[in-house]
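Participant: take this sequence and fold it.
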Amino acid sequence: MLVRWPIPTGSLFVFLLIAFFAPSLWAQRAIPRTTWDQQATSDPRPELPSQSPNSAEPDSGEQADSLVSERLANAKENPGDVPADLKSLFDNAQQARSVLEYNSVIERCKNIAGDTTRIVSERSYAKKLLSWAANRRGELRSDMAGEMVSARQLAEAENLDRAAMDDFRLAIQNDPLRWRAHHNLGVLMAIAGDFPNAIGAFSKTIELNPKFVEAFHNRGEIYFRKGNYEAAIEDYNKAIALDDKVADLFSGRGNARFALGQTEAALADYQSAMGLAPDSAKVATEFADTCQSLGRWKEAAEAYQKAMKADPKYVRALQNAAWMMATCPEDFYRDPDTAAKTAQKAIDESQGNPNAHMLHVLAMSQAAQGDFSKAINTINQAIQLTDEGALRSELSEHRALFQRKKTYRQPGASN
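Facilitator: This next block holds a predicted model:
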């Protein structure tokens, strides 16, 4: 679900919701890119048209020239006969796996759809197949963008995402009922930070396919990011009613409930999520983060250990566990040396691109070790990396603590 990083605000420990808009970070979110190669069975190509006499009429307003008349006569005599070029096009679409192959299918579909000498059923079929192929090409490009993000080739990823958005729009233009294209377009709009239009795309998906869980899930995620927690919970409820075996739905609802102060209900959702995904570092970390914010140190420590065991490289667990070990008010759970090592590991796992929050945690760990000079140097680096006013203020406050050779402690348990 949405990444929440713990930072102190004055004497209160809060979670800061990082509003990530860059594709590099959105790609890791619960709103998924399409897994196009796994959708083949659930997104079949349109079937070839059955050319019955009723379907073999020319477009309204067009003159039935000799070629159209000939095709109409042939269709009446051989209702099951399908033109060879459509059969070939269908076969090519079935075998397509690359952008170039989809390009060929799409161009041929455009030619047939725009050929006024073709009968209605053939042109209609070409448009539907064009829509299908454009959607699939967009899915392929979007997944390629995800790979570029992983390789930190962000400019290339953005170009691919823009091309994919054009593909999804082309798919919708040729078949407005293609709900997958509406959903895929919504995903990329969300990645781009265009939340109002993303909500519209997901809502259209739900209108066309009210049983598609991910549309409710993704719309709920955006409502959460916009602070409309009640609407988010409503969408998570609907998604869970359709499929109560998805851990992310429960943790997403838990986030929204927690934001509304429904603490026990939120914890119950996180525990349900952990039961469904016992090996998920992300789910365990969400539970741990919430317990830490409530001063439930034992539960938080156990959940962080579970998360780091499930994925020793999971940055969020490393960072937030380090924060707790550096700032916990209870001596039993405070371990400055391990905190510093864990914070440094989180930075190492960020592929050499630590953000201000990561450096903040490292600085807190260094201060907890008593190395205030190093902590001040680290927090200065953090200040230089952020333009967030609230975060810069927090960092400056903590630097002032370090300059007085004082450390920060979280408040005690609130329950």
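
Participant: list the contacts of Ala363.
Facilitator: By CB atoms under 8 Å, 6 or more residues apart in numbering, the residues touching Ala363 are 375-376, 378-379, 382, 398, 402. The C-beta positions use only the backbone N, C-alpha and C, and glycine is treated the same way.

Participant: of those, closest to Val105?
Facilitator: Ala382 (50.8 Å; CB to CB).

Participant: the closest one touches Val361, doesn't it?
Facilitator: No - using CB atoms under 8 Å, Ala382 makes no contact with Val361, being 9.2 Å away.

Participant: so for those two, which residue has more residues nearby?
Facilitator: Taking other CB atoms under 10 Å, Ala382 and Val361 do not tie; Val361 has more neighbours (33 against 24).

Participant: look up how far Asp289 lies from the more buried one.
Facilitator: According to CB to CB, to the nearest Å, Val361 and Asp289 sit 13 Å apart.

Participant: tell me which helix or strand the residue nearest to Trp323 when sequence neighbours are not counted sits in.
Facilitator: Once flanking residues are discounted, Trp323 sits nearest to Val361: 5.0 Å by CB to CB, 6 or more residues apart in numbering. Per DSSP states H and E, Val361 falls inside helix 356-368.

Participant: quick one: name whatever helix or strand follows that helix.
Facilitator: Later in the chain than helix 356-368, the nearest helix or strand by DSSP H and E is helix 372-385.

Participant: list the buried residues for that following helix?
Facilitator: Judged by neighbour count using 16 or more other CB atoms under 10 Å, the buried positions of helix 372-385 are 372, 374-376, 378-379, 382-383, 385.

Participant: please name every helix or strand in contact with that helix.
Facilitator: helix 356-368, helix 389-403 (3 or more CB pairs under 8 Å, 6 or more residues apart in numbering; DSSP states H and E).

Participant: and those helices: which comes nearest Tyr236?
Facilitator: Closest to Tyr236 of the helices and strands packed on helix 372-385, according to CB to CB: helix 356-368, at 26.6 Å.

Participant: any idea of the angle the closest one forms with helix 389-403?
Facilitator: Interaxial angle, helix 356-368 versus helix 389-403 (axes from the mean of the first three to the mean of the last three CA atoms, to 10 degrees): 20 degrees.

Participant: mean pLDDT and distance to Ser150 added to the helices and strands packed on helix 372-385, as a markdown table?
Facilitator: Formatted as a markdown table, those follow (pLDDT from 0 to 100; distance: least, CB to CB, whole Å):
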| stretch | mean pLDDT | distance to Ser150 |
| --- | --- | --- |
| helix 356-368 | 96 | 19 |
| helix 389-403 | 95 | 27 |
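
Participant: buried deepest among the ones you listed, which one?
Facilitator: Highest mean neighbour count of these: helix 356-368, a mean of 27 (counted as mean count of other CB atoms under 10 Å).
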